[in-house]
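[1] whatever this is, show me its structure:
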Amino acid sequence: MGVGVVQVQQFTKTLKKGFDGVFTEVTHTESLGLRNPNQLRMFHLDVANNTFSFDALHEFLLRNIGRYVFSRAKMEQFRIDDDLEVVGAKAIGLLRDAYKMDEEWIGEELGDVMLYVFLEQILGAPKLFSKIELAPFGDQSVLHSGGVHLLSLGNTGTMPSYQMIFGKSNIIGDLQDAIDNAFESLVEIRDNTGSELKVVESTVFSQAYDPQTTNYLKSIILPSKKKNASVDKAFGVFLGYSLGLDPDNYSNTEFREELMLKMDTDIKAHVAYIIEKIKETNLGTHSFYFYILPFNDADGEKQNIMNTLLKGAV
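    Residues are numbered from 1 along each chain as shown. Sure thing, here's the model as predicted:
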């Protein structure tokens, strides 16, 4: 038992500090009402002169992009080689190469990076693999996913309980469209979970972790080893949408007040729709972890933010 505890403690989040300086949570009273663990949480960025400011986000993403792109073992090798200063540049280079293969991926990748941030920081579910880590090991089906995280639920009954969280994100102007697009992909993930799990299993042996962590993950992930832990599949979802407030109609103080009211209205208007989509797709036995963030102009800004990141600029 003692060894298991050490291994769990070693498998911690990869994200660097700074989240609280970038994101502000908006409280609301809505709930998904699922039997299994779930979250439905909303955040916003800093506001300046009635628009969301991306300065802090740009710096935060640049600081963490290497941790999103590279495995723990690769990051440790950078540390051993005294090359941590070049991690961000190398990660950006890999992302540029990926976008050359699929230019439409650039905007979607922002959502996946944001989901990685929220799953690690808010849910406490460390990254197993990002999408860009998984892609070389699998076929195109893996690209429906936004990455895979592992959440420990502690001991339930007589054994440790875990969730393997498959992520999906969508950033688009209309929040309902973002929900529809996300669920379309979640169904594909659900229907292809077998192949996705095989990809995850194969990468466990690909020197992504140190030997102790690899053995720990094998005991959880591999069917032949999974005797002393329960593992369920869950979904993490990041949704970005356009806020839809005209900044010219408000003073600075009024805009900040209206922002909170509008986000509360938005979640109230869409929570029943999310619940209905869960029922409609027969996914009610899964846990869902939703993280929602408004933009000034979601469609244009998701491209601009990633283009800024790819230039290595802050």
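
[2] contacts, neighbours, all on C-alpha from now
    Noted.

[3] strand partners of the helix or strand containing Phe288, parallel vs antiparallel please.
    If you go by DSSP states H and E, Phe288 is part of strand 287-295. Counting by DSSP bridges, the strands paired with strand 287-295 are strand 38-44 (parallel), strand 230-242 (parallel).

[4] what average pLDDT does that strand get?
    Throughout strand 287-295, pLDDT has a mean value of 98.

[5] quick one: contacts of that strand?
    With CA atoms under 8 Å, 6 or more residues apart in numbering as the test, strand 287-295 has contacts from 34, 36-44, 52, 115, 118, 233-243, 301.

[6] list the buried residues in that strand.
    Ser287, Phe288, Tyr289, Phe290, Tyr291, Ile292, Leu293, Pro294, Phe295 (16 or more other CA atoms under 10 Å).

[7] could you do stretch 295-305 as well?
    Buried-residue list, stretch 295-305, by 16+ other CA under 10 Å: Phe295, Asn296, Asp297, Ala298, Asp299, Glu301, Lys302, Gln303, Ile305.

[8] circling back: what is the subsequent helix or strand relative to the strand holding Phe288?
    Strand 287-295 is succeeded, C-terminally, by helix 298-310 (DSSP H and E).

[9] put the alpha carbons of that following helix into CSV.
    Coordinates of the C-alpha atoms in helix 298-310 are reproduced here as CSV (Å, rounded to 0.1, in the frame of the first residue of the first chain):
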residue,chain,number,x,y,z
ALA,A,298,-14.5,33.5,-30.5
ASP,A,299,-14.0,32.6,-34.1
GLY,A,300,-11.4,35.3,-34.8
GLU,A,301,-9.6,35.3,-31.5
LYS,A,302,-9.0,31.6,-31.3
GLN,A,303,-6.9,32.0,-34.5
ASN,A,304,-5.2,35.2,-33.3
ILE,A,305,-4.2,33.7,-29.9
MET,A,306,-2.7,30.6,-31.5
ASN,A,307,-0.9,32.7,-34.2
THR,A,308,0.6,34.9,-31.5
LEU,A,309,1.7,31.8,-29.6
LEU,A,310,3.3,30.2,-32.7
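
[10] for that helix, packing partners?
    Using 3 or more CA pairs under 8 Å, 6 or more residues apart in numbering; DSSP states H and E, the elements in contact with helix 298-310 are helix 55-69, helix 87-101, helix 105-118, strand 159-171, strand 230-242.

[11] burial measure for Glu120, as a count.
    19 (other CA atoms under 10 Å).

[12] distance check, it against Lys262.
    According to CA to CA, to the nearest Å, Glu120 stands 27 Å off from Lys262.

[13] can you check Met306 too?
    Using CA to CA, Met306 is found at 26 Å from Lys262.

[14] and those two? which has more neighbours close in?
    Applying other CA under 10 Å to Met306 and Lys262 shows that Met306 carries more neighbours, namely 19 against 16.

[15] just give me the residue closest to the centre of the chain.
    Leu115 (1.9 Å; CA atoms, centre = their mean).

[16] mind checking pLDDT for that one?
    Value for Leu115, per-residue pLDDT: 97.

[17] same question for Asp174.
    97.

[18] can you name the residues bridging to the nearest residue to it once chain neighbours are set aside?
    Excluding the flanking residues, the one nearest Asp174 by CA to CA, 6 or more residues apart in numbering is Tyr241, at 5.7 Å. When assigned by DSSP bridges, Tyr241 has beta-bridge partners Pro294.

[19] also Lys233?
    Beta-bridge partners, per DSSP bridges, of Lys233: Met164.

[20] that one contacts Met164, doesn't it?
    Yes - with contact defined as CA atoms under 8 Å, Lys233 counts as touching Met164 (5.0 Å).

[21] more neighbours: the two, which one.
    Met164 (21 against 16).

[22] next, Ser71: phi, psi?
    phi -70, psi 170 (degrees, to the nearest 10).

[23] roughly how far does it sit from Phe290?
    25 Å.

[24] and stretch 255-274, average pLDDT?
    The pLDDT scores in stretch 255-274 average 97.

[25] which ones are touching Phe166?
    Ser145, Gly146, Gly147, Val148, His149, Ile189, Lys233, Ala234, Phe235, Gly236.

[26] with adjacent residues omitted, what lies nearest to Ile274?
    Closest residue to Ile274 apart from its sequence neighbours, by CA to CA, 6+ apart: Ile179 at 7.1 Å.

[27] my guess is that neighbour meets Ala272, correct?
    No - with contact defined as CA under 8 Å, Ile179 and Ala272 do not form a contacting pair (11.6 Å).

[28] neighbour count for the two, which is higher?
    For Ile179 and Ala272, the more surrounded residue by other CA under 10 Å is Ile179, and the numbers stand at 23 against 14.

[29] so how far is the helix of greatest length in the chain from its chain's centroid?
    In the chain, taking DSSP state H as the definition, the longest helix is helix 252-280. In this view, helix 252-280 has its centroid 20 Å away from the chain centroid, taken as CA atoms, centre = their mean, to the nearest Å.
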